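**Q** build me a model from this:
(2 chains)
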Amino acid sequence: MDKMIDDEMLVTQFKSGIQKAFDELMKRYERRIFSYLLRSVRNYEDAEELTLEVFFKAYRALGSWEPKAKFSTWLYTIASNLSIDYHRSKSRHPVFIYEDENVIEKRLVANDISSNPEKQLEDQERGEIIRAAVDKLSAKQKEVFMLTRYEGLQIKEVAETLGMAEGTVKIHLHRAIKKLQTILQPLWENNEI
Amino acid sequence: MPKCKISEAHVIDYVIGELDHTEAAEFRYHLTTCNHCIRHVNVLKHVLQLVDSAEAEIAPQAIVPTNLESKLYRRLAEEPIQKPSVHSRFTDFIARLGLILQIQKPAVVGLLAVVAIAITLLIGNPFDNETTESVDARIEQYHHQGIQRSMEDVIRNKHLRPSDEWNTVSQLNRVKDQAKGTDWAVLANEHLKGVNSKL
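**A** Alright, predicted model coming up:
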């Protein structure tokens, strides 16, 4: 399918019965939605399940969807709502676990296998400390930070995705960065990370 | 180091690229004379670098789940759309009626309302364009596409990873289950025989 066709055109095609249009939309966004959810829930299997749920809901609702915002914004709204529900349903703080052996294998291949294992362990521990700092942000701060920083959404798009005023998004973003500074700065000044 | 009158939010906006061109140029000029802001900018950049690298570790490009599309089609095939209840159809109808009331003459609308209520309660929502048959047909189509994709995955895996036969066997068995009674099941069975003969 033509890569130049924009998302909204694909939605129109899907509504008129062209099934491949949804395949193309899914192909365009599955990686982004999965990465976003993985960062949010910190668990590979749950992120996969939620990604599937996002596209399941999108498929079921797309027929009656009226574009008030971009398709991608709508998709992130579904993902964000599912992520919030996920965190609500978890009684304890989410812990990042790679449970799938295939994932571990692929991750090892992705890393430089010739590098020092001790250094790898140090890097891993440092990463865990930093991600724990990110998880200390409030749910809204974290959503805003992730969407702007890693999903490339503009403030306006985040506002539409999360149903907030643009000013509120900026306040959450500033507070998120300030909070990360407050947590992380003493750690690197004491050589802990 | 003396504190600066520039707000913390302004410094953050500069670091994350939220200042416009003029504001950013003015702030860069300010940085030539303000050590306090230089330090603040450097600290924030370092914080974001640390977080970026930690976050990059957990969502590397390589590990996106495979077969998401097949899983979606399978689920679509397994979970038919729930027909709306009489209550939700009635609520939907009332909402639509309210909209019509705003723009139509009351007498005509009254007559239409009586007819529409009767139709809604007896045979379903007349405004619902999507019939159950068409959705079922679509899901069936996706079910078959899912089987086809699973089979294609098997063939691709078999071709790319000839040593990983056990994985292929389990995939082929899955296709056989999925595609029971179709040509795909026959095809999966033939491939399975081929793989088993090599083991």
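**Q** mean confidence (pLDDT) on whichever strand or helix holds B:K71, please.
**A** In this structure, B:K71 sits in helix B:68-78 according to DSSP states H and E. Averaged over helix B:68-78, pLDDT sits at 83.
**Q** return the set of buried residues in it.
**A** By neighbour count with 16 or more other CB atoms under 10 Å in any protein chain shown, helix B:68-78 contains the buried residues B:L68, B:E69, B:S70, B:K71, B:L72, B:Y73, B:R74, B:R75, B:L76, B:A77. No exception for glycine: its C-beta is placed from N, CA and C like everyone else's.
**Q** quick one: secondary structure of A:L137?
**A** Put simply, A:L137 is coil when judged by DSSP: H, G, I helix; E, B strand; the rest coil.
**Q** what's the distance between it and A:K178?
**A** Taking CB to CB, to the nearest Å as the measure, A:L137 falls 10 Å from A:K178.
**Q** same question for B:N189.
**A** Relative to A:K178, and taking CB to CB, B:N189 is found at 62 Å.
**Q** can you count the residues close to B:T32?
**A** B:T32 has 7 neighbours, counted by other CB atoms under 10 Å in any protein chain shown.
**Q** whoops, I mixed them up, A:E66
**A** A:E66 - counted by other CB under 10 Å - has 4 other residues nearby.
**Q** can you verify it is assigned to a helix?
**A** No - checked against three-state DSSP, A:E66 lies outside a helix; its state is coil.
**Q** quick check on it: phi, psi?
**A** phi -110, psi 120 (degrees, to the nearest 10).
**Q** quick one: residues contacting it.
**A** Residues counted as contacts of A:E66 (CB atoms under 8 Å, 6 or more residues apart in numbering or on different chains): none.
**Q** so what pLDDT did A:E128 get?
**A** 91.
**Q** now the strand or helix carrying B:H30: average pLDDT?
**A** Element membership for B:H30 (DSSP H and E) is helix B:21-31. The average pLDDT for helix B:21-31 rounds to 96.
**Q** what's in contact with whichever helix or strand comes after it?
**A** Following helix B:21-31 in sequence order, the next helix or strand is helix B:35-58 (DSSP H and E). With CB under 8 Å, 6+ apart as the test, helix B:35-58 has contacts from A:38-39, A:42, A:96, A:123-124, A:126-128, A:130-131, A:133-134, A:149-150, A:177, A:180-181, A:184-185, A:188, A:193, B:1-4, B:6, B:8, B:11-12, B:14-16, B:27, B:30-31.
**Q** check which helix or strand the closest residue to A:L62 other than its chain neighbours maps to.
**A** Residue nearest to A:L62 in three dimensions, not counting chain neighbours: A:F14, with 5.9 Å by CB to CB, 6 or more residues apart in numbering or on different chains. If you go by DSSP H and E, A:F14 is part of helix A:7-15.
**Q** what sits against A:G152?
**A** Counting by CB under 8 Å, 6+ apart, A:G152 touches no other residue.
**Q** also the one 5 residues further on?
**A** Contact criterion CB under 8 Å, 6+ apart gives A:A69, A:K70, A:T73, A:Y76, A:L147 as the residues in contact with A:E157.
**Q** need the buried ones from those residues selected in ChimeraX.
**A** Burial among those is assessed by 16+ other CB under 10 Å; the matching ChimeraX selection reads:
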select /A:70,73,76,147
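**Q** inside helices: which ones of the contacts of A:E157?
**A** Secondary structure assignment by DSSP state H places A:T73, A:Y76, A:L147 of these in helices.
**Q** chain center to the helix holding A:F14: distance?
**A** Counting by CA atoms, centre = their mean, to the nearest Å, helix A:7-15 is centred 24 Å from the centre of its parent chain.
**Q** can you check stretch A:168-175 too?
**A** Here the centre of stretch A:168-175 is set off from its chain's centre by 18 Å, with CA atoms, centre = their mean.
**Q** mind listing residues that contact that stretch?
**A** A:138, A:140-141, A:143-145, A:148, A:155, A:158-159, A:162, A:164, B:8-9, B:12, B:16, B:18.
**Q** dump the C-alpha coordinates for the lengthiest helix in chain A into CSV.
**A** With secondary structure taken from DSSP H, chain A has its longest helix at helix A:166-189. Taking C-alpha atoms only, helix A:166-189 is exported to CSV below (Å, rounded to 0.1, in the frame of the first residue of the first chain):
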residue,chain,number,x,y,z
GLU,A,166,-2.2,22.9,26.9
GLY,A,167,-1.1,25.0,29.9
THR,A,168,-1.8,22.0,32.2
VAL,A,169,0.3,19.8,30.0
LYS,A,170,3.2,22.2,30.2
ILE,A,171,2.9,22.4,34.0
HIS,A,172,3.0,18.6,34.3
LEU,A,173,6.0,18.5,32.0
HIS,A,174,7.9,21.1,33.9
ARG,A,175,7.1,19.4,37.2
ALA,A,176,8.2,16.0,35.8
ILE,A,177,11.6,17.4,34.7
LYS,A,178,12.1,19.3,37.9
LYS,A,179,11.2,16.1,39.9
LEU,A,180,13.6,14.0,37.9
GLN,A,181,16.3,16.6,38.6
THR,A,182,15.6,16.6,42.3
ILE,A,183,15.8,12.8,42.5
LEU,A,184,18.8,12.2,40.1
GLN,A,185,21.1,15.1,40.7
PRO,A,186,22.1,14.0,44.2
LEU,A,187,22.6,10.5,43.0
TRP,A,188,25.2,11.4,40.3
GLU,A,189,26.8,14.0,42.6
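**Q** could you give the angle of that helix to helix B:35-58?
**A** Taking axes from the mean of the first three to the mean of the last three CA atoms, to 10 degrees, one finds helix A:166-189 and helix B:35-58 inclined to each other by 90 degrees.
**Q** quick one: mean pLDDT for helix A:166-189?
**A** Looking at helix A:166-189 alone, the average pLDDT works out to 96.
**Q** mind listing what's buried along that helix?
**A** Buried-residue list, helix A:166-189, by 16+ other CB under 10 Å: A:169-181, A:183-184.
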